[in-house]
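Novice: dropping a prediction and its sequence here:
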Amino acid sequence: MSKPDDKDLRDRLTDIQYRVTQGHGTEHPFTGEYNDNKQAGKYLCVVCGTHLFDSDTKYDSRSGWPSFWAPAGDNLEETSDDSLGMRRTEVHCKKCNAHQGHVFPDGPEPSGMRYCINSASLQFEPSDDS
C-alpha cells in the first residue's frame, strides 16, 4: 500500500473527496455525481487511479449511492466497521487505503453482494464506445 502525501491530497481533492476517502466519511444519499450514471466505462479510485469497478456490474439499488454487484479484480480490502451501533464491512482501495464505502450481502445475483460506494471516492473513465 502506498498512501499519497497528505498535503498533496488536500491540494488535489475536493473537501468531500478528502473527507470520504481519508476520514471514512459518507456523502449524502442521492447527491453523488455517479449515482445515476449509466455510461459504459470504468470506475477508478479518485486518490490513486486504481481500477475498482466496471459499469457492467453497476445497478440501481435505490440506496442513494452507486452500487455494484462485484469489484473489478482484487483491488479492494475489507475491514470491520462497528460505528453507528452496527457491524458493517467497509471497503478500501488496496493500493492507497482510500475509503470507498461498504459492502452488504443483499445485492443481486450472480454475487448477492451490494458494494455501496461513495461517488466522491471514485472517478469515472468512459469507455471508447460510450
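Specialist: Sure thing, it's come through. Numbers count the residues shown, from 1 in each chain.

Novice: from here on, just use CA atoms for contacts and neighbour counts.
Specialist: OK.

Novice: helices of the protein, start to end?
Specialist: Ranges of helices in the chain, per DSSP state H, are 6-12, 15-23.

Novice: can you list those helices in TSV and add mean neighbour count and mean pLDDT?
Specialist: TSV is the format used below for the helices of the chain (neighbours: other CA atoms under 10 Å; pLDDT from 0 to 100):
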stretch	mean neighbour count	mean pLDDT
helix 6-12	11	92
helix 15-23	19	97
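
Novice: redo those as a markdown table? Include distance to residue 29.
Specialist: Converted to a markdown table, the helices of the chain look like this (distance: least, CA to CA, whole Å):
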| stretch | distance to residue 29 |
| --- | --- |
| helix 6-12 | 24 |
| helix 15-23 | 13 |
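
Novice: quick one: closest of those helices to residue 114.
Specialist: Nearest of the helices of the chain to residue 114, taken as CA to CA: helix 15-23 at 18.6 Å.

Novice: what does the closest one contact?
Specialist: By CA atoms under 8 Å, 6 or more residues apart in numbering, the surrounding residues in contact with helix 15-23 are 9-10, 25-27, 46-47, 98-100, 118, 120-121.

Novice: any quick ChimeraX command for the buried ones out of those?
Specialist: To isolate the buried members of the contacts of helix 15-23 in ChimeraX, using 16 or more other CA atoms under 10 Å:
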select :9,25,26,27,46,47,98,99,100,118,120,121
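
Novice: for the contacts of helix 15-23, give me JSON lines that also has distance to residue 106.
Specialist: Listed next are the contacts of helix 15-23 as JSON lines, based on distance: CA to CA, whole Å:
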{"residue": "9", "distance to residue 106": "33"}
{"residue": "10", "distance to residue 106": "35"}
{"residue": "25", "distance to residue 106": "22"}
{"residue": "26", "distance to residue 106": "20"}
{"residue": "27", "distance to residue 106": "21"}
{"residue": "46", "distance to residue 106": "26"}
{"residue": "47", "distance to residue 106": "28"}
{"residue": "98", "distance to residue 106": "24"}
{"residue": "99", "distance to residue 106": "20"}
{"residue": "100", "distance to residue 106": "18"}
{"residue": "118", "distance to residue 106": "18"}
{"residue": "120", "distance to residue 106": "23"}
{"residue": "121", "distance to residue 106": "22"}
